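**Q** Got a predicted model here, sequence first, then my questions.
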Amino acid sequence: MRILILFILVIFTGCGRHSEDTVVTQMRVRTMQTRTYVGQEAKKVSKEVIAVLQDQGYMVKNISHELGVITAELDTNIEKFSSKFWSYLFSGKNARWKKHSVVEITSNITEEQGRTKVRINLLVRVFDNLGRVVNIHQILEEEAYTDFFNQVQKGLLNN
């Protein structure tokens, strides 16, 4: 019996999270989401961010030059015939399946001492066929942020 209790304690102790991991992760995410452009005015960077968003198919929803905030959305149909088929087969009229997703991007642009800092945040909301939210998650793939910032950089160099 003591061995079983000791085994359970060891298992649960190994599953605990350390607060240091959370801080490092938050710092890494913030670094991944932020890029600084030296010698660029905030207005010019804002216009380029908007241009890149539109090039990627986003619908710009809100712009506040005063606050330096830009929000945009990209709707995507993610419905799969197989998901729909199996849902109807097993659930009938109550069938639910993933129908579409919305990628929301929020951009915060700040100008200070000849530098313009841009931070973007990507969030995905997945909806079912009834319009209910099924899943919400933040995009944490560094490649998505790097690609976006590289396109902004190219646009700034070309103008």
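**A** Looks like it arrived, so ask away.
**Q** what residue ranges in this structure are flagged as low confidence?
**A** 1-24 (pLDDT under 70).
**Q** again, 50 this time
**A** Scanning the chain for pLDDT under 50 picks out 4, 6, 20, 24.
**Q** what residue is smack in the middle of it?
**A** Centroid-nearest residue in the chain: Leu122, 2.0 Å away (criterion: Cα atoms, centre = their mean).
**Q** quick one: that one and Val103 touch, right?
**A** Yes. The criterion here is Cβ atoms under 8 Å, and Leu122 meets it with Val103 at 6.3 Å. The way it works is simple: take the backbone N, C-alpha and C, and place the C-beta from them, glycine included.
**Q** Name the residues contacting each of those two.
**A** Ile139 (Cβ atoms under 8 Å, 6 or more residues apart in numbering).
**Q** thinking again about what came up before, could you list every helix and strand in contact with the helix or strand containing the residue nearest to the centre of the chain?
**A** Following DSSP states H and E, one finds Leu122 within strand 115-128. For strand 115-128, the packing partners by 3 or more Cβ pairs under 8 Å, 6 or more residues apart in numbering; DSSP states H and E come out as helix 19-33, strand 34-38, helix 42-55, strand 98-112, strand 133-138, helix 142-158.
**Q** Nearest to Ile70 among these would be which one?
**A** Closest to Ile70 of the helices and strands packed on strand 115-128 is strand 98-112 (Cβ to Cβ; 4.2 Å).
**Q** who does that closest one touch, helix- and strand-wise?
**A** helix 42-55, strand 69-77, strand 115-128.
**Q** What pairs with that strand, parallel or antiparallel?
**A** Paired with strand 98-112 in the same sheet, following DSSP bridges, are strand 69-77 (antiparallel), strand 115-128 (antiparallel).
**Q** What are the contacting residues of it?
**A** Under Cβ under 8 Å, 6+ apart, the answer for strand 98-112 is 41-42, 45-46, 49, 53, 58, 68-80, 83, 116-129, 131, 134, 139.
**Q** how does it look with 6 Å?
**A** By Cβ atoms under 6 Å, 6 or more residues apart in numbering, the surrounding residues in contact with strand 98-112 are 42, 45-46, 49, 68-79, 117-129.
**Q** Many thanks, we can stop here.
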